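Chemist: Got a predicted structure plus its sequence, pasted below:
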There are 2 protein chains.
Amino acid sequence: MTLERDFHMLGGTGESSYAANSTLQKKIASGAMFLVEEAVELLVSAIPSSKTSLVLADLGCATGANTFVMLSAVMEVISTTCTKLGQPIPEIQLLLNDLPGNDFNALLGPVLSSYKQKINKSMSESGIPFYTAAAPGSFYERLFLKRSVHFIYSSACLHWLSQVPLGLNSTTEGPINKGSFWISKKSPPNVSKMYLEQFQRDFSSFLKFRHEELHSEGHMVLIIPGRLSADPSTEESAVWISWYEEGLQDLVSEGIVKASDVDSFNILYIFHQWRR
Amino acid sequence: MTLERDFHMLGGTGESSYAANSTLQKKIASGAMFLVEEAVELLVSAIPSSKTSLVLADLGCATGANTFVMLSAVMEVISTTCTKLGQPIPEIQLLLNDLPGNDFNALLGPVLSSYKQKINKSMSESGIPFYTAAAPGSFYERLFLKRSVHFIYSSACLHWLSQVPLGLNSTTEGPINKGSFWISKKSPPNVSKMYLEQFQRDFSSFLKFRHEELHSEGHMVLIIPGRLSADPSTEESAVWISWYEEGLQDLVSEGIVKASDVDSFNILYIFHQWRR
């Protein structure tokens, strides 16, 4: 398996697609939209009024179902702020990023087209001209030109790591997280540490590259799902993983899946503790 | 049928895909590559050496098989010219455009990935960092931000019109190009005129919008297939169309296709006369 090619949300717009099953992600994004509004207001107030265009990027957009929630909010703020400041309204370049295996056909075809139709119908939309482009690649690498992006946004994506934590499968004793595929109550204590270290490496790369790409007056809003409990193996953050673990163990008992495959399988996913 | 959604080259990379059947288009592009080289040399010489990035656009890229012929040539010239002038080598943003129904999954997935692997292997490539993004839409409309593109390229695309020529099917007497679906020897004389007028409207839009998008130091290379003979209905420019016409007439005789559907069908395609 090549991660960049094979790892992606389920494409299309059908019943089992990510587009039709990302209400939770939409709720997360909607709840944090006030941060987007604050950031864009600061951005528009800081750039010279002679600036005729702004570049926005959504990292990990999948098929875009929730991208356009953000875009509508951003357009509204740009329109209001420019009117208040007596500035001309800039054009927008919207850069949509996800891994190369993402369903860009759905994103750039039906999803974008239905959003444009909605905008044209709705009289309350601000009517700011926007041009869309899809940028394939891992956000743990460079994606855009230096200092070219004014607003970077990523929602419910940065809990995905760039790879299975280093060390989980590379010991001479074989896989160390046997029988689990995340940080479970059965996992040895260093599993949690390996996940954290992988996140630290990945997030450092992310910040380094975004720093290179972000315009000097630019802003960034990152929405990362977390957990309340101090223990990562509690049901709160891992309940659905324990269901899959049990299911996979059943398949092993029935001889359909090899035990060694399950032993070396780990999900590349982390949930941090956060405090209210 | 919605043109923007339904009209596209055959996707994927399989046996019958456009990617595997565009050798003629590659030959056309390769033969004109000296024009690209001249334009990019002028561009690089004209921009200030403090400029750290250049934006290139390929309009009508399909699944990209021939885009990367152009990109390699452009990179080579940028590298050579910058070295000659003692300028730092800029980063490149490559914008790939086609209609929303295009197979962007093939373009941004396997095609781009195999080009990147080829570059990494080849020691002769210049190693200029480039970032790719796919911009869906008709090139008879705006696609990019104002004054944002330094080099616009389109090869073997501008013979496609934005729609079936106005007037061909809108007369009270019904379709005027019955029994043909292009400018054939059987077509009434005004058919050829309607095709030309549609091209003039489309090409005017194209130039107007590219003028808005092109950077003040920018260059544009357009490669448009043509014909030598003065008569558009000669075999030279329409031989394959006459085969399809005969085939469709057979399907009508066999009752598989309705004669009225063939009567109102016209291909949205024009071949201009050019002189050596």
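Modeler: Everything's here; your move.
Chemist: Of all residues in chain A, which one is nearest the centre?
Modeler: By C-alpha atoms, centre = their mean, chain A has its centre lying nearest to residue A:157, at 2.4 Å.
Chemist: Name the residues of the stretch 101-250 of chain A found near chain B, please.
Modeler: Counting by C-beta under 8 Å from any C-beta of the partner chain, the residues of the stretch 101-250 of chain A close to chain B are A:101, A:103-105, A:108-110, A:112-113, A:129, A:131-137, A:142-148. No exception for glycine: its C-beta is placed from N, CA and C like everyone else's.
Chemist: Now a ChimeraX select for only the buried ones of those.
Modeler: To isolate the buried ones among those in ChimeraX, judged by 16 or more other C-beta atoms under 10 Å in any protein chain shown, type:
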select /A:101,103,104,105,108,109,110,112,113,131,132,133,134,135,136,137,142,143,144,145,146,147,148
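Chemist: Give me the helices and strands touching the longest helix along chain A, please.
Modeler: For chain A, the helix that runs over the most residues, judged by DSSP state H, is helix A:189-213. Secondary-structure packing of helix A:189-213 (3 or more C-beta pairs under 8 Å, 6 or more residues apart in numbering or on different chains; DSSP states H and E): strand A:149-155.
Chemist: what lines up beside the strand it packs on in the sheet?
Modeler: Counting by DSSP bridges, the strands paired with strand A:149-155 are strand A:53-59 (parallel), strand A:214-223 (parallel).
Chemist: can you give me the mean pLDDT across the shortest one?
Modeler: Just to be clear, that refers to strand A:53-59. Strand A:53-59 shows a mean pLDDT of 96.
Chemist: Go ahead and confirm residue A:182 touches residue A:243.
Modeler: No. Under the criterion of C-beta atoms under 8 Å, residue A:182 is not in contact with residue A:243, lying 11.7 Å apart.
Chemist: Please say which of these two ends up with more neighbours.
Modeler: Taking other C-beta atoms under 10 Å in any protein chain shown, residue A:182 and residue A:243 do not tie; residue A:182 has more neighbours (24 against 10).
Chemist: burial measure for the closest residue to residue A:113 other than its chain neighbours, as a count.
Modeler: Nearest residue to residue A:113 in three dimensions, chain neighbours excluded: residue B:100, at 6.2 Å (C-beta to C-beta, 6 or more residues apart in numbering or on different chains). For residue B:100, the neighbour count with other C-beta under 10 Å is 24.
Chemist: my guess is residue A:82 meets residue A:44, correct?
Modeler: Yes. Residue A:82 lies in contact with residue A:44 (C-beta under 8 Å); the separation is 6.2 Å.
Chemist: Between those two, which has more neighbouring residues?
Modeler: residue A:44 (26 against 18).
Chemist: and the nearest residue to that one once chain neighbours are set aside, how many neighbours does it have?
Modeler: Distances taken as C-beta to C-beta, 6+ apart put residue A:81 closest to residue A:44, at 4.2 Å, once the chain neighbours are dropped. Number of residues near residue A:81 (other C-beta under 10 Å) recorded here: 18.
Chemist: Can you give me every residue that contacts residue A:81?
Modeler: A:40-41, A:44-45, A:87 (C-beta atoms under 8 Å, 6 or more residues apart in numbering or on different chains).
Chemist: State the pair within those residues that is farthest apart.
Modeler: Greatest spatial distance among the contacts of residue A:81 (C-beta to C-beta): A:40 and A:87, at 13.3 Å.
Chemist: neighbour count winner among the two?
Modeler: For residue A:40 versus residue A:87, neighbours defined as other C-beta under 10 Å are more numerous around residue A:40 (26 against 17).
Chemist: ok, now which ones touch that one?
Modeler: Going by C-beta under 8 Å, 6+ apart, residue A:40 touches A:73-74, A:77-78, A:81, A:151, A:219.
Chemist: Next one: residue A:51 relative to chain B, how far apart?
Modeler: 11 Å (C-beta to the nearest C-beta, to the nearest Å).
Chemist: burial count for the residue nearest to that residue when sequence neighbours are not counted?
Modeler: Nearest residue to residue A:51, sequence neighbours excluded (C-beta to C-beta, 6+ apart): residue A:90, at 6.0 Å. Other residues near residue A:90 come to 21 when the count uses other C-beta under 10 Å.
Chemist: Would you check that residue A:90 makes contact with residue A:52?
Modeler: Yes. Using C-beta under 8 Å, residue A:90 is in contact with residue A:52, at 5.5 Å.
Chemist: Low-confidence ranges, the stretch 101-250 of chain A, go.
Modeler: The stretch 101-250 of chain A contains residues with pLDDT under 70 at A:121-126, A:171, A:235-239.
Chemist: residues in contact with the one residue in the stretch 151-276 of chain A that gets nearest to chain B?
Modeler: Closest contact between the stretch 151-276 of chain A and chain B, by C-beta to the nearest C-beta, is at residue A:213 (9.2 Å). Listed by C-beta under 8 Å, 6+ apart, the contact set of residue A:213 reads A:57, A:142-149, A:152.
Chemist: Tell me the one among these nearest to chain B.
Modeler: Nearest to chain B among the contacts of residue A:213, with distances taken as C-beta to the nearest C-beta, is residue A:145, at 4.3 Å.
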